[in-house]
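Chemist: Sequence and predicted model, in that order:
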Amino acid sequence: MVEGSHVPLLDTAERKALAAEWKRLQAEPPPRDRRATGCMTVVVAVALGALGPTLARLAGYDPPQPVKLGAAIALGLVFLIGVFFGLFAGSGRFAYDLQRAERALEWLAIHADKGSPEERRNQVVALLLHAYCTDGPSTVNTIDFGKSRERLGAALPYVLAAERALRTDISIYPVFTDSKVRLPG
């Protein structure tokens with residue numbers, strides 16, 4: 001564990017830059033949620049299945065039986081595909097957050113003090129932002145905080161300083177600064 005005396009104090013400009021980077025990364029659009037597309041597909045398939053024959057009759061069109069059968073099969077397949085995406089495809093949010101946190105962790109472990117201040121700030125904020133994944137009603141951590149502390153090595157003091165500053169300035173969830181890290185909520 002890093003002693004409090006080894007954690008650098010960040011100046012006001014760095015703290016403001018960290019908060020600005022947090023807000024910038026937080027504003028990035030999340031991965032496209034395939035569940036909503038699946039649900040909308042189911043709704044459209046059911047609506048077309050229910051209203052299609054009536055609308056065709058009102059328009060004065062009575063398709064032959066093979067066309068009706070083909071349309072019913074196609075709508076059935078669209079319905080099943082929609083159900084699959086709606087129930088099983090997921091949002092992709094956890095995978096995105098995990099990948100982004102792992103990339104930041106790897107960069108910080110390799111570059112520690114060698115990278116540019118802007119890149120280091122970006123990677124620290126990305127690590128802290130994506131350490132948790134909130135997808136709907138649940139929040140889970142994406143990385144093992146204990147193993148990540150060890151992996152960070154020489155970059156850990158700056159990560160701790162950045163986290164402390166962000167916890168104070170914009171009330172982020174604790175990641176490495178709390179020895180008893182619990183999920184938020």
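Modeler: Looks like it came in fine.

Chemist: From here on, just use CA atoms for contacts and neighbour counts.
Modeler: OK.

Chemist: pLDDT weak spots in the chain?
Modeler: Within the chain, the set of residues satisfying pLDDT under 70 comprises 1-5, 33, 89-91, 179-185.

Chemist: pull the longest helix from it.
Modeler: The longest helix of the chain (DSSP state H) is helix 34-58.

Chemist: The closest residue in space to Thr177 that isn't next to it in sequence: what's it in contact with?
Modeler: Spatial nearest neighbour of Thr177, excluding adjacent residues (C-alpha to C-alpha, 6 or more residues apart in numbering): Leu160 at 6.2 Å. Contacts here follow C-alpha atoms under 8 Å, 6 or more residues apart in numbering; on that basis Leu160 touches 7, 176-177.

Chemist: May I see these organised as CSV, with secondary structure added?
Modeler: Output for the contacts of Leu160, formatted as CSV (DSSP: H, G, I helix; E, B strand; the rest coil):
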residue, secondary structure
Val7, coil
Phe176, coil
Thr177, coil
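
Chemist: Pull out the buried members of the residues you listed.
Modeler: Listed as buried from the contacts of Leu160 are 7, 176; burial here means 16 or more other C-alpha atoms under 10 Å.
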